[in-house]
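Colleague: build me a model:
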Amino acid sequence: MSIVLKKAAVWLPEGFEDSAFIARETGVPEKVVREKMGIVRKCRATADIHPGDMAVRAARKVLKGIDPLSVDMVIWTGSEYKDYIVWTAGIYVQRELRLKNAHAFDISARCGNKILGLHLAKSLMMTNPNLKRVLLCGGHRTGDLVNYKDPNARFLNNLSDGGSAMLLERGDSNPLLESSIITDGDFTHDVIVPAGGTKNPTRNHPDESMTYLQVGDIEGMRVRLEERSIQNFLKVIKDASSRSMNKPIDYLALLHMKKSAHDMIVSGMELKPEQSIYLDHYGHFGAPDQVLSLGLAEKRGLLKKGDHVTFASAGIGYMWSAMSMRWDENTFDVNELEDLG
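Modeller: I've put the predicted structure just below:
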């Protein structure tokens, strides 16, 4: 018996910012926003919906019809930018969903959270037979951290809002397979929010620009990313997939990134364009990207029993990660998933 993905879901807000809006705010031509940045539109939540709320809304979908007392663990795989600082969001989710028999904690790996969470949950379940059901969930409103007036941070303009959840169990269908992770500390200070930590506490009343994501050495970062990012993406994808199934990847669930980088990874894995959905109508949520991609693939009928699916992501810091699974049956309620593409 394997550790399997039983159910998955995303929660997406109704609000959005489209390419025309982003072009007006940034001064970047709309054609560049749509075709190079790959943003037709991106999801944005109203100010009263916070990451904890988004996680709860997504988690309620995967727990529909399931006894809340049967969940043994909650892992927060959402954003570190959440409702409060120094706050364990996983425990909030546990309370809101009345998962009284579970224990909860948060992990922090930027946009690599979901794959790291799957790897961690699988490992814990394999070593502890008492863990029968584990919920991974999180919310993101990193769209708040985008400063459209900062030309050095334009590659972050795709950041969007939403929540996701995954429920793991023991079983035979949809087994989680192998994973691979690379981290590179040369990028550790490249993308940060200067205000709010111990080096520059919020109580010091920083100027507003310091509350957004900033890129201190944009040229140096570009050079290092060009040298390493695609190479590391391909390395973790090939490593995870080659140790997982004795067949090529059938579907690659990628995070949203600029279109040229997406195409380089897909072609680098010798896949056809239709074997990976480009999320140009959603933006880059962070950890939910791969979950949404899987759901859209299920809704569009792109998967068949026994397919080799690989999730792949990258997070500032920098982390590249991938994990494979064998897809045997739908994890989403595809009727409730709106396909904006």
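
Colleague: span of stretch 124-142 from start to end?
Modeller: Chord length of stretch 124-142, first to last residue, is 29 Å (C-alpha to C-alpha, to the nearest Å).

Colleague: and the helices in the stretch 201-341 of the chain?
Modeller: With DSSP state H, counting those that start in this stretch as the criterion, the stretch 201-341 of the chain has helices at 218-242, 259-268, 288-299.

Colleague: next one: the first one to chain centre, how far?
Modeller: This means helix 218-242. How far helix 218-242 lies from its chain's middle: 17 Å, per C-alpha atoms, centre = their mean, to the nearest Å.

Colleague: same check, this time on the last one
Modeller: Distance, stretch centre to chain centre, for helix 288-299: 11 Å (C-alpha atoms, centre = their mean).

Colleague: for the residue nearest in space to the middle of the chain, what are its contacts?
Modeller: Nearest to the mean C-alpha position of the chain, counting by C-alpha atoms, centre = their mean, stands A287 at 1.5 Å. Under the criterion of C-beta atoms under 8 Å, 6 or more residues apart in numbering, the neighbours of A287 are T77, G78, S79, C111, G112, N113, K114, G117, G138, H140, S164, S313. (Glycine included, C-beta is placed from N, CA and C.)

Colleague: for the third one, which non-adjacent residue is closest in space?
Modeller: In other words, S79. Ranked by C-beta to C-beta, 6 or more residues apart in numbering and with sequence neighbours excluded, the top spatial neighbour of S79 is H140, at 4.4 Å.

Colleague: got the angle between the helix or strand harbouring that neighbour and helix 288-299?
Modeller: In this structure, H140 sits in strand 134-141 according to DSSP states H and E. The directions of strand 134-141 and helix 288-299 differ by 110 degrees, with axes from the mean of the first three to the mean of the last three C-alpha atoms, to 10 degrees as the criterion.

Colleague: what strands line up against strand 134-141, and which way round?
Modeller: Pairing partners of strand 134-141, with direction, according to DSSP bridges: strand 73-76 (parallel), strand 161-171 (antiparallel).

Colleague: for the ones you listed, which one sits closest to E17?
Modeller: Distance to E17, taken as C-beta to C-beta, is lowest for strand 161-171 among the strands paired with strand 134-141, at 10.0 Å.

Colleague: report the buried residues of the closest one.
Modeller: Taking 16 or more other C-beta atoms under 10 Å as the neighbour-count basis, strand 161-171 is seen to contain the buried residues D161, G162, G163, S164, A165, M166, L167, L168, E169, R170.

Colleague: mind exporting the C-alpha coordinates of that strand to CSV?
Modeller: Output in CSV follows, covering the C-alpha atoms of strand 161-171 (Å, rounded to 0.1, in the frame of the first residue of the first chain):
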residue,chain,number,x,y,z
ASP,A,161,-3.9,35.2,-4.9
GLY,A,162,-5.5,31.9,-4.1
GLY,A,163,-5.6,28.8,-2.0
SER,A,164,-5.0,25.1,-2.4
ALA,A,165,-5.4,21.8,-0.5
MET,A,166,-4.4,18.2,-0.9
LEU,A,167,-5.5,15.2,1.1
LEU,A,168,-3.1,12.2,1.4
GLU,A,169,-4.1,8.7,2.5
ARG,A,170,-2.9,5.2,2.2
GLY,A,171,-4.1,3.3,-0.8
